[in-house]
Every structure is written in structure tokens, then in C-alpha cells.
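Novice: Sharing a model that was predicted from the sequence below.
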Amino acid sequence: MPRFDTITYELDGHTATITLNRPEALNALSLHMITELRAAYAEAENDDRVWILIVTGAGRAFCTGADVKAIPGDGKVINERPYLSTYEQWEAPQEGTPPFRTMAKPVLAAINGICCGAGLDWVTTADIVIASDRATFFDPHVSIGLVAGREVVRLARVLPRSIALRMAMMGRHERMDAHRAYDLGMISEVVEHDHLLTRAREIAGILNSNAPLAVRGTRLAILKGLGLPLHEAEMLAEAFRERNLRTADSLEGPKAFVEKRTPEWQCR
């Protein structure tokens, strides 16, 4: 099991849990934490035992964005590499964002408290987002003299346009609570604070009771199809369906149904 300084990584059955663990800094993202998160995502994606990944935070915050005390003011060091030396540095910076465009396994974000700035990336890219009844959401960029970038561009595709603009332009002066976020569809469930991680694991267990490759194919069909015209998205989804038909689990599911038993998924 990998060991980290700024996060924890736990494996329980087919569920891996990453906990942002800098509570004294409200889980702000340092360069070291970003590096460790990338290593943890890769660990989960490459471990055949892992079928779903939960991300949550320790303390009273989920994540308050970039740690301005730890990231150089010139912005010219990304992931501890020389400026513009890698392809990713020419892309929009991802900081703590899960590599949702390239990973196959689903991510469940359990928002335990304050979530702002780059912390919003988990809200807009995770496959399932639940939140504690103590969670609050806002974007502080304009209040500290910065343009709000990818975070609010993503928010504008999750929230109604006028709500996303209001959040972006009000900055730190206005916060959205968990119930408002639920009403607007930004999160899918509000949970009593002390039961948040228990509920996250319950949802993970339900997902893991389904065929894992079918879950991944369904997830990819939806996400990859969002940027396509409807007909092309349908054809892509059918291609994923055809691929899954070549798996042992696609035979096991109908067989178990006929035999009235619980399927035994092999993830192959």
C-alpha cells in the first residue's frame, strides 16, 4: 500500500479512498500534494483490485484550492518541472483534478466541508458527488485579483449560466450551501455530516455490486459522448456495448439472472 505525506490512501475490498490530509491548511493544494494525488490516481487506475475511487477531505474543509504560500507567485513551476518543459504545462493546469478524461474507473467525491477554487474541480469532474450538510461552495479568484479559469468554465456546464456567473463574480463574498447545490443539480445528495463517509462507501458498494466493466463502459459512453452530436454519441456508446459483449462478465450477468443467484463478477 503506498504511503504519502499530504494524503492518505486506503483500499477496502474494491474501493480505494483518497483523503486530502492537510487539515491545518484547509487541504489547500501544495505542489507536493499535487504530485502525490497524481501518484494515487495512477495507483488506483492501475490496480485491478480497485473498481471505484472515493475522494474526501480531513478536517473542516474538503479543499480550498491552491496553497498560495506553497506555489511560486510567478506560476512558472508546475509539478516541480522547469517551465513549459512538458506537454501538460501547455494545457490548462489541472492541479488536484482526477484525470477524468483518460481514466476508466469511476470517482465519487464526498465533499466534507469548505470547497472552493480548485476544490471545485472534483465537484465538476467526479462521476458522483455527495456532500455533508456542512459543505459550502464558492470561488474566491476575483476577490484576490485573479481571473477564475477552468473552475468556473466547468461550473458553467454544471450550473445554470446565471448561477455560475454569479458565483464567479461574487467571489468570496457569497457562498452556496449544500442544499442549494443539491437543488441546482451540482451535487446528487446531501448527507448528515457524521455519516458522509459511511454513505460514500454504501454508494461505492452498490456500484461495485454491478458488473465493473459495464460500469466503466457506461461511464465512458456518457462522458465521451457529451461533446459529440447525438447520432455520433449513440454510435460511440454502441461501440462500447459491443466491446463489453466480449467479456466473461457479459455472459455471467444473464446466466446469474436466469439461475436466480448473485452474479460473480471477474472484471474480465
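Specialist: Nice, I can see it.
Novice: Can you give me the domain boundaries for the chain?
Specialist: Using the TED database, the domain parsing of the chain gives 7-209, 212-259.
Novice: Might you list the low-confidence residue ranges for the stretch 1-150 of the chain?
Specialist: Residues of the stretch 1-150 of the chain meeting the criterion pLDDT under 70: 70-80.
Novice: sorry, back to before: pick the most deeply packed of the domains of the chain.
Specialist: The highest average neighbour count among the domains of the chain, using mean count of other Cβ atoms under 10 Å, belongs to domain 7-209 at a mean of 18. Backbone N, C-alpha and C define where each C-beta goes, glycine included.
Novice: want to try JSON lines for the domains of the chain, with distance to W265 as columns?
Specialist: Listed next are the domains of the chain as JSON lines, based on distance: least, Cβ to Cβ, whole Å:
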{"stretch": "domain 7-209", "distance to W265": "8"}
{"stretch": "domain 212-259", "distance to W265": "5"}
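Novice: can you tell which of these is closest to R268?
Specialist: Set against R268 and scored by Cβ to Cβ, the domains of the chain come closest in domain 212-259, at 5.4 Å.
Novice: any chance you could map the strands in the stretch 151-268 of the chain?
Specialist: Here the stretch 151-268 of the chain has its strands, by DSSP state E, counting those that start in this stretch, at 176-177, 189-191.
Novice: Can you add distance to R101 and give these back as a markdown table?
Specialist: Listed next are the strands of the stretch 151-268 of the chain as a markdown table, based on distance: least, Cβ to Cβ, whole Å:
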| stretch | distance to R101 |
| --- | --- |
| strand 176-177 | 26 |
| strand 189-191 | 25 |
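Novice: nearest to R154, of those strands?
Specialist: Nearest of those to R154, taken as Cβ to Cβ: strand 176-177 at 15.1 Å.
Novice: circling back to that earlier point, could I get the strands of the stretch 151-268 of the chain in CSV, plus columns for mean pLDDT and distance to E259?
Specialist: Output for those, formatted as CSV (pLDDT from 0 to 100; distance: least, Cβ to Cβ, whole Å):
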stretch, mean pLDDT, distance to E259
strand 176-177, 98, 48
strand 189-191, 98, 34
